[in-house]
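Enquirer: I would like the atomic coordinates for the input below:
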Amino acid sequence: MASWAVSAVCLGLLAQPAFADGGLGAGAQPNWEPWVEAGGTLSNRNDRAEAVGWAPVAQDDDQLLFVEARGKLFEGGSEEGNFALGYREMRSDGWNLGVWGGYDIRTSENGNTFHQIAGGVEALSKDWDVRLNGYYPLEDQKSVGASSAASSTATVTTGPTLGLVGSQLFFARGGTTTTTTTTTTAGFDLAAWGVDGEVGRRAPLEEWFDWVQPVDEGVDLFDHEARIFLGGFYFDNSLFPDAIWGPRLRAEWRLNDVFGGLPGSRLTFEMEAQHDDVRKEQFEIGVRLRIPLGSPNRTNRARVSQSARMMEALERDTDIVTRSRSGSTVTSVTSVDLPTTLEPVKDPNTNVDLDQVVFLDTPGTSQAQVTAAGGNSLIVLQGDNGTFGQTILQADQSIVGGTQGILVEGRTTGVQDTYVAPGAAATINVTAETDAVRVANNSHVTGLTISSDGSAATDGINIPNAVTNVYIDNNVLQNLGGRGVEADANSQFTFTNNTLSDHGVFSAFDMGTNVTAVITNNTLRNITRTTLDVRANSTLTYTGNDHQGTAGTGGGSVFRFGGGAGATTVLDGSGNLNNLTNAPTLCQTNGAASFTGTIDFGGTALTDNVLPCN
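Expert: Okay, here's the model as predicted:
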């Protein structure tokens, strides 16, 4: 492969004779003539050698069109060439304004070639430097070598990982015939777009040191020249985990006309320090020697310093910024060449297979999307754009709010993990006399806030007649003017680890006849009417529930059994009343209603036909 670094300098040198007198009449002496410069830099990151060729293309007394070719050889084998066309104009206010555009080519340490367009603007005076540059690579990434796959009969021992592939959740696990894959071992060089800039100031050495004097009387140019620059940089690529940005400090000490018989010669000592969170601290020191290829016109004494600055080299980032990365986990999961199995998941609490995940963040259209999703769907409500209205689930749907977790299980192996839903927490708020959430067979409701303003008979969750296998957990139901949970006849549900608070008009749980309910480990706060209104022939498991705040008295109670002569069977009954602020009515029976079993409140036991339930 041709060396771009060497080619850049050769092109610059070949161009100089052709361009040296550009724009001048016959016999005219140019103000600005070509020069070449070479040097080296020692760095804690990447040492380099560098050569530059600079030449005018066209010029008059105040304007200059020039080319610059720069070649760099880096430690480790990378090399780079920079080609630029620039324009500068001297202004009567002492400033030189310039603009440039260029093309860069770099061969990385891994043998990849990147191309880049670059450009910038600048303002230079005797004492000040202001620069702003931009860089845009023409390739985002290139692979590094061939991907490797180490063949082995050993079993990959990495555990199952839960993740989305497309719109479906899977557990991914390693295969048993190889220990690695082409996806996970492949590497890439990534090129970054970016900007950098700096502001520099000449140090007034002639004011600080007596031995620094003007070259000639009336010539505003010094043998010794020091400049300090402060700037920064920002580089990024959509595949970078983090952008590369930070501050940069640079300093130069120049010995102008270092060879007495060669005006325009220069020896420059330089130092640079910069920091970013990716490459950390970088320090470098270097030296450069400039040799002019002509004798600049020095007849315009009043503007000689400003004129000399017209021949400054372009100052830009050292190289095309690149960064290496390896293959991603998601690619490994989806590649058909990977020795990886994808195990679909189900909801273990309802035993429903979850074939898709549907994300909803627009309250106005959410119900239509829930209906369209159909069964075997995990609905994720994301509250980024406000609260949701009434939500009616289809059969075989699970629903979870943003930031909350839902337990899933591999359909084949039974491995379990929690999927944490993205997006903001979700609230369903309904103020009408209806239900906020209506479930269907095999519904799972988790991680939601369900609320109202308390002014209407709004039920939190409605379980229609004969709907079964409903699982409700880790929700907050609050300030509902109706029932917290209304379970119609012949339904079946589990209600666990929820918080139900501020109910004072209707009962918190209103259960029809022949209902099977498991109500465990919930917090029940400020239920000032009846907590559980249970009708005949139902089966109730009630354990681990904590009653807090104020409970119902007189017209309300903790338990009320009604609906006819059929007894409610209490399979397991216990609860905590110690956090109540009042002494509630524990139990009421209506007519011939009764229950069998015992509910123990830690010293106070409810037993059918025994006070206070007779």
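
Enquirer: from here on, contacts and neighbour counts on C-alpha atoms
Expert: Fine.

Enquirer: Tell me the bridge partners for residue 410.
Expert: Legend: beta-bridge partners of residue 410 under DSSP bridges are residue 345.

Enquirer: Quick one: residues contacting it.
Expert: By CA atoms under 8 Å, 6 or more residues apart in numbering, the residues touching residue 410 are 170, 171, 343, 344, 345, 346, 416.

Enquirer: Just put those in a markdown table and tack on distance to residue 246, neighbour count and pLDDT.
Expert: Shown next, in a markdown table, are the contacts of residue 410 (distance: CA to CA, whole Å; neighbours: other CA atoms under 10 Å; pLDDT from 0 to 100):
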| residue | distance to residue 246 | neighbour count | pLDDT |
| --- | --- | --- | --- |
| 170 | 40 | 26 | 89 |
| 171 | 40 | 26 | 87 |
| 343 | 44 | 21 | 91 |
| 344 | 44 | 20 | 94 |
| 345 | 45 | 28 | 96 |
| 346 | 47 | 25 | 96 |
| 416 | 43 | 18 | 94 |
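
Enquirer: quick check, nearest of the residues you listed to residue 588?
Expert: residue 346 (41.3 Å; CA to CA).

Enquirer: How much space separates the closest one from residue 447?
Expert: Distance, residue 346 to residue 447, by CA to CA, to the nearest Å: 18 Å.

Enquirer: Please enumerate the strands of the stretch 201-350 of the chain.
Expert: With strands called from DSSP state E, counting those that start in this stretch, the stretch 201-350 of the chain shows them at 224-236, 244-256, 266-276, 280-292, 322-326, 340-347.

Enquirer: What helices and strands are in contact with the first one?
Expert: Yep, that's strand 224-236 we're talking about. On a contact count with 3 or more CA pairs under 8 Å, 6 or more residues apart in numbering; DSSP states H and E, strand 224-236 meets strand 193-203, helix 205-208, strand 244-256.

Enquirer: Can you list the strands that it pairs with?
Expert: Note on strand 224-236: by DSSP bridges, its sheet partners are strand 193-203 (antiparallel), strand 244-256 (antiparallel).

Enquirer: quick one, that strand and strand 266-276 angle?
Expert: 30 degrees (axes from the mean of the first three to the mean of the last three CA atoms, to 10 degrees).

Enquirer: And the helices in this protein, which stretches?
Expert: For the chain, the helices defined by DSSP state H cover 4-19, 182-185, 205-208, 304-308, 329-334, 366-373.

Enquirer: buried residues in the last one?
Expert: In other words, helix 366-373. By neighbour count on 16 or more other CA atoms under 10 Å, the buried set for helix 366-373 is 366, 367, 370, 373.

Enquirer: burial measure for the closest residue to the second one other than its chain neighbours, as a count.
Expert: The shortest distance from residue 367 to any residue other than its chain neighbours is 6.0 Å, reached at residue 391 (CA to CA, 6 or more residues apart in numbering). The burial metric for residue 391, expressed as a neighbour count using other CA atoms under 10 Å, is 20.

Enquirer: Can you name the residues that contact residue 391?
Expert: Residues near residue 391 by CA under 8 Å, 6+ apart: 367, 428, 436, 437, 438.

Enquirer: ok, of the buried residues of helix 366-373, which one's closest to residue 383?
Expert: Nearest member of the buried residues of helix 366-373 to residue 383, counting by CA to CA, is residue 366, at 11.2 Å.

Enquirer: For residue 223, see how far away the closest one is.
Expert: Distance from residue 366 to residue 223, counting by CA to CA: 75 Å.

Enquirer: got it, and residue 384?
Expert: Residue 384 sits 65 Å away from residue 223, going by CA to CA.

Enquirer: Please work out how many residues are found near the residue nearest to residue 55 when sequence neighbours are not counted.
Expert: Among residues not flanking residue 55 along the chain, residue 34 sits closest, at 4.2 Å (CA to CA, 6+ apart). Using other CA under 10 Å, the number of residues around residue 34 comes to 27.

Enquirer: pretty sure residue 34 contacts residue 290?
Expert: No - in this structure, residue 34 is not within contact of residue 290 by CA atoms under 8 Å, at 10.5 Å.

Enquirer: Identify the residue nearest the geometric centre of the protein.
Expert: Geometric centre of the chain, nearest residue: residue 241, 8.0 Å, by CA atoms, centre = their mean.

Enquirer: Just the pLDDT at that residue, thanks.
Expert: As predicted, residue 241 sits at a pLDDT of 85.

Enquirer: Over to residue 567?
Expert: pLDDT, residue 567: 80.

Enquirer: which ones are touching it?
Expert: 536, 537, 538, 593, 594, 595, 596.

Enquirer: please redo it, this time with the cut-off set to 10 Å
Expert: Residue 567 makes contacts with 514, 534-539, 561, 592-596, 608, as judged by CA atoms under 10 Å, 6 or more residues apart in numbering.

Enquirer: Got a quick ChimeraX command for the buried subset of the residues you listed?
Expert: Here is the ChimeraX command that picks out the buried ones among these, judged by 16+ other CA under 10 Å:
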select :514,534,535,536,537,538,539,561,593,594,595,608
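
Enquirer: Looking at the contacts of residue 567, which are in strands?
Expert: Judged by DSSP state E, strands contain the following of those: 534, 535, 539, 561, 594, 595, 596.
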